[in-house]
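Trainee: Starting from these lines, generate the structure:
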Amino acid sequence: MPRLRIEGLLAAFPKLISSSKQHTFVETDTVRYVYQPLENGLFLLLITTKSSNIVQDLETLRLLAKVVPDVAGGLNETLINEHAFELIFSFDEIITTGGYKEDVSLSSIRTNLQMESHEEQIHILIEEKKMEDAKKAMDAKSTEIKKRQMEALKDNLMGNGSNSNAHGGGMVGIGGGGVTPGYEHNYSAGAGEDYSNSGGYSYEKPKPVVNEAPVKAARGMQLKVGGADKKKSSLMAAMAMEDNFSLMGGKKEKGGFGLAAAVAAPAAVHSTPLSLVLEEKYTVAMNREGGIESCDLKGTLTLTANTDAGTAAAISVNKSIMAAQCTAGWNFATHPKVDKKNYEAKGVLSLKGGKGLPLNRPVGVLRWSYSGEDAAPISINCWPEDEGTGTINVNVEFELLRPDMTLTDVNILLPLGTTDPPSVEEIDGQYKHDANNGMMVWHHDVVDSSNSTGSLEFSIAGSDVDAFFPVQIMFKSDTFMCPIEITGVTSVANGASIPNSLTRSVMPDSYTVA
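Mentor: Here you go, the predicted structure:
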């Protein structure tokens, strides 16, 4: 039917309505008007041919009358105009192209109008999955990069500690040095290095920087001393060889964190036939609220025979005390070549069949492990808050969980997510900022029962509170959780005592807050 014809029929409809009677339909020579009055002077009109079944037309009209308020939300002209397209779509669901009524209900019309497509939903799910995978890959790459930076910094810090005696007189094993390894103070910095402390470390207090003339003088003196380095090194080497001590020194270079890079030390000249190393390492995972998620402790006793006399060594330990105190959660294991029966009966670690230890090669003869939250020595609570102004306020606090332990050289590594320097508002201890890697190190010389807590508060530009994780903790200690003690070192051949050197070391293998 042409558009002009439809417009003419619609224009004639108001003239056919009589105000004196209530009409439901009006017929002309060619068409039939089936209508229903609505509110606010509106009419719902259905134009059909005269041969159409009026009963079916009235059913269609009643269904249309239900659809209009359901789709438009009301029966006023404004709402109907706003939902004109939705009404057209709903009418199309009821009446076919040929003018016949579809066998549909109001609920099926609603379902069809929602236009839900199974293929579309699958496509959306696939796209969301791709985006999620891309985000996971991005997060994994970011975490990997951050982990590499942390490991490099950790190696730098721990590596520098082994060579830290260079400023303390250059001798290993001499008492009276009085310098904490790795954090010497009151020495002049190297040329071209802007450090407040020597050893490559520069920790700061949150106070104004004061230019001091002695810094320049110290640099000048170092340049002069550098001219005689070779002569001085030869003299020190000769003195060390006389006393069977090794020099640990070398030029320090800036690492990735602005710290001194570890320098390979010359081979040490051992003064005892046997070297013993007791070591415990912690692997701890914490949540952001300071709770311990997991804590594993692993310890080893390692022997190194430096001479032929040292190869015949038998090590006695306090096995009875260890067995009494290390019960639930503890595991002990000896090397397969160790005489286990002799160890279980007498607490003596020696090789089977009277065999000797390999010369100049470390051998782990005893291992132990423990899993339990009570083993964790320290907890960290990191609380970043987005202030909504492009600035994040970060509060960090630590607590010593084991008062029996004394931790030294405690470094808490905080990623910042930006190269901007932090604005420190309050701090216990010292800190250093590395702009190159976007890191901040919070440092304490000693954490023990008398200094068991500390807090740090700073502000920094940013909006991502997740950028401050994972936090890593590093420390040194000589307090063992396992009560192991070396009670004797004797020769398997004649039972004579063998001179030895014992090193005790406690440090974290991985101590993170994520």
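Trainee: So residue 420, which state does it fall into?
Mentor: The three-state assignment at residue 420 reads coil, by DSSP: H, G, I helix; E, B strand; the rest coil.
Trainee: Grab the nearest non-local neighbour of it.
Mentor: residue 461 (5.0 Å; Cβ to Cβ, 6 or more residues apart in numbering). For the C-beta atoms, the positions are set from N, CA and C on the backbone; glycine is no exception.
Trainee: now the residue nearest to residue 30 when sequence neighbours are not counted: how far from residue 510?
Mentor: Spatial nearest neighbour of residue 30, chain neighbours left out: residue 50 (7.1 Å); criterion: Cβ to Cβ, 6+ apart. Distance of residue 50 to residue 510, computed by Cβ to Cβ, to the nearest Å: 89 Å.
Trainee: The two - which one has more neighbours?
Mentor: residue 510 (16 against 11; other Cβ atoms under 10 Å).
Trainee: what helix or strand is the nearest residue to the more buried one once chain neighbours are set aside on?
Mentor: In this structure, residue 510 finds its nearest non-sequential neighbour in residue 283, 4.9 Å apart by Cβ to Cβ, 6+ apart. Per DSSP states H and E, residue 283 falls inside strand 274-286.
Trainee: Just the angle for the helix or strand following that strand relative to strand 274-286, thanks.
Mentor: Using DSSP H and E, the helix or strand that directly follows strand 274-286 along the chain is strand 292-305. Orientation check (axes from the mean of the first three to the mean of the last three Cα atoms, to 10 degrees): strand 292-305 against strand 274-286 gives 170 degrees.
Trainee: Packing partners of strand 292-305?
Mentor: If you count contacts as 3 or more Cβ pairs under 8 Å, 6 or more residues apart in numbering; DSSP states H and E, strand 292-305 packs onto strand 274-286, strand 313-317, strand 363-371.
Trainee: I'd like those laid out as TSV, including mean pLDDT and mean neighbour count.
Mentor: Converted to TSV, the helices and strands packed on strand 292-305 look like this (pLDDT from 0 to 100; neighbours: other Cβ atoms under 10 Å):
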stretch	mean pLDDT	mean neighbour count
strand 274-286	96	20
strand 313-317	96	21
strand 363-371	96	18
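Trainee: Switch the ones you listed over to CSV; also include distance to residue 338.
Mentor: Converted to CSV, the helices and strands packed on strand 292-305 look like this (distance: least, Cβ to Cβ, whole Å):
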stretch, distance to residue 338
strand 274-286, 15
strand 313-317, 10
strand 363-371, 5
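Trainee: Tell me which of these sits nearest to residue 356.
Mentor: strand 313-317 (8.3 Å; Cβ to Cβ).
Trainee: what does that closest one contact?
Mentor: Residues outside strand 313-317 that contact it (Cβ atoms under 8 Å, 6 or more residues apart in numbering): 273-274, 276, 301, 303, 305, 346-350, 357, 365-366, 484-492, 498, 500.
Trainee: which of these count as buried?
Mentor: 273-274, 276, 301, 303, 305, 347-350, 357, 365-366, 484, 486, 489-492, 498, 500 (16 or more other Cβ atoms under 10 Å).
Trainee: Contacts only, for the residue nearest to residue 420.
Mentor: 390, 391, 392, 418, 420.
Trainee: Kindly supply the ChimeraX command isolating those of those that are buried.
Mentor: Selection of buried members from these for ChimeraX, criterion 16+ other Cβ under 10 Å:
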select :392
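Trainee: Nearest to residue 73, out of the contacts of residue 461: which one, please.
Mentor: residue 390 (42.5 Å).
Trainee: how much space is there between that closest one and residue 422?
Mentor: Counting by Cβ to Cβ, the gap from residue 390 to residue 422 is 14 Å.
Trainee: now residue 139
Mentor: 24 Å.
Trainee: So for these two, which sits in the more crowded spot?
Mentor: More crowded of residue 139 and residue 422, by other Cβ under 10 Å: residue 422, with 20 against 11.
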